[in-house]
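In: After the sequence you'll find the predicted model.
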Amino acid sequence: MIRVPPHRGRGRRSRGGTLTDRPAAHAAGEARDLHAFIAGLPKAELHVHHVGSASPRIVSELAARHPDSKVPTDPEALVDYFTFTDFAHFIEVYLSVVDLIRTPEDVRLLTFEVARELARQQVRYAELTITPFSSTRRGIDERAFMDAIEDARKAAEAEFGTVLRWCFDIPGEAGLEAAEETTRLATDDRLRPEGLVSFGLGGPEIGVPRPQFKPYFDRAVAAGLRSVPHAGETTGPQTVWDALTHLHAERIGHGTSSAQDPKLLAHLAEHRIALEVCPTSNIATRAVRTLDEHPIGEFVRAGVLVTVNSDDPPMFGTDLNSEYAVAARLLDLDERGLAALAKNAVEASFLDEPGKARLAAEIDSYTSAWLAR
Ligand SMILES: Nc1ncnc2c1ncn2[C@@H]1O[C@H](CCC(=O)c2cccc(C(=O)O)c2)[C@@H](O)[C@H]1O
Ligand SMILES: [Zn+2]
């Protein structure tokens, strides 16, 4: 496992993120430098939602097309609309954006634009979480839906060089009907898209016990899909144990509350179960009070394979590069530390071994060239 080395040798940083024994101008210059390094760093994104990645421009375009929706058409007003009082409010707003996606062409456009944004940030490989149930139940034909995401995936790879893969997730709160439908769409050989690599579980956790989804994850895993449920985002560490015990979890979406259970942290570290940490998301949905209270540092200190991701970036006013900058501050990372963090995502990804080796080598050569400037 790649451990994330701390920031060293250029002055110490306080928890507040300022450099303490350097003049302010140097500190500001150094922070700018680190942002520039992050902007060019080749990356893998492992936890980002399809609809949750719709840019303000796309959301306002779709909202203007559908005037019956309560989603604002003005991108400025969207900032307020995307301010959440709690996790339940976030899901309510999320579903209002889901309601805007009504045709296969909407799906294709959204997917291609998400890839454009990932490519802009030098994301070479992304596993995008898609909730096909939400689209098919709203009347989009299942065959047309699969064709739309696959067309966009291929077009994006040809145009931007960014490789997209899919995670189909069950919206747990929608119940076992949604679980059955998602499993069918993910495992039926006539429908299952080529880009599908994994199977997930999203939405609220409170009142949605994980073990009930075991038969669906059993079928998905038997069909060759990897298991990546959300767990421990809004409930305690028992939910993470449940995901491991009942759902074959190979990575955990968020896993924030794992920090409350040292045995769980040791288990995650020993079995190399990566956490898909999304710091700004946890603040925006009020799962964690402040960034400085985020347990990401505890995960790293416990030896857990930590990856940093963006979740629903425009809804949380962030992007993957900003999340790397947040991690640099919270973990006190320099360029080598950031490169190690990017390589953690490569290691935890579902890329094949040659793909992992290529991306890790690209991260290394970018970092060496940067440090030799
Ligand atoms: N941070 C997050 N943590 C967890 N999930 C997140 C996060 N971000 C985004 N999601 C997504 O939220 C959706 C939730 C959808 C949902 O609960 C639901 C319930 C009832 C009916 C329907 C419907 O479609 O009719 C949907 C999922 O699609 C999931 O992928
Ligand atoms: Zn998520």
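Out: Looks like it came in fine. Ligands and ions are numbered 1, 2, ... in the order given.
In: Mind listing what's buried along the helix or strand of the chain with the lowest mean pLDDT?
Out: When each helix and strand of the chain is scored by mean pLDDT, DSSP states H and E, helix 24-40 comes last, with a mean of 86. By 16 or more other CB atoms under 10 Å, the buried positions in helix 24-40 come out as Ala27, Glu30, Ala31, Leu34, Phe37, Ile38. For glycine as for every other residue, the C-beta is placed from the backbone atoms N, C-alpha and C.
In: Check stretch 153-165 too.
Out: Here stretch 153-165 shows Arg153, Ala156, Phe160, Thr162, Val163, Leu164, Arg165 as buried, counting by 16+ other CB under 10 Å.
In: Quick one: residues contacting the third one.
Out: Right, the one you point to is Phe160. Taking CB atoms under 8 Å, 6 or more residues apart in numbering, we find Phe160 in contact with Ala115, Arg116, Leu118, Ala119.
In: how about a cut-off of 10 Å?
Out: Phe112, Ala115, Arg116, Glu117, Leu118, Ala119, Arg120, Val123, Arg124 (CB atoms under 10 Å, 6 or more residues apart in numbering).
In: most neighbours, which of the residues you listed?
Out: Neighbour counts for those, by other CB atoms under 10 Å, peak at Leu118, which reaches 28 neighbours.
In: is it true that that residue touches Thr162?
Out: Yes - taking contacts as CB atoms under 10 Å, Leu118 lies within contact range of Thr162: 5.3 Å.
In: List just the nearest of the buried residues of stretch 153-165 to Ala179.
Out: Arg165 (21.4 Å; CB to CB).
In: That closest one falls within a helix, correct?
Out: No - counting by DSSP: H, G, I helix; E, B strand; the rest coil, Arg165 falls outside a helix, being strand.
In: to the chain's geometric centre, what's the distance from the least confident helix or strand of the chain?
Out: Its chain's C-alpha centre and that of helix 24-40 lie 25 Å apart, by CA atoms, centre = their mean, to the nearest Å.
In: Quick one: list the elements packing against that helix.
Out: helix 320-331, helix 335-348, helix 353-371 (3 or more CB pairs under 10 Å, 6 or more residues apart in numbering; DSSP states H and E).
In: That helix to helix 320-331, inter-axis angle?
Out: 130 degrees (axes from the mean of the first three to the mean of the last three CA atoms, to 10 degrees).
In: Which helix or strand lies directly C-terminal to helix 24-40?
Out: Going down the chain from helix 24-40, the next helix or strand is strand 43-49, by DSSP states H and E.
In: That next one close to ligand 1?
Out: Yes - among the residues of strand 43-49, His49 lie within reach of ligand 1 under CB under 6 Å from any ligand atom.
In: What is the following helix or strand past that strand packed up against?
Out: For strand 43-49, the succeeding helix or strand toward the C-terminus, using DSSP H and E, is helix 56-65. When contacts are defined as 3+ CB pairs under 10 Å, 6+ apart, helix 56-65 packs onto helix 75-81, helix 87-98, helix 104-120.
In: between these, which one is nearest to Trp241?
Out: With CB to CB as the measure, helix 87-98 is the member of those nearest Trp241 (20.6 Å).
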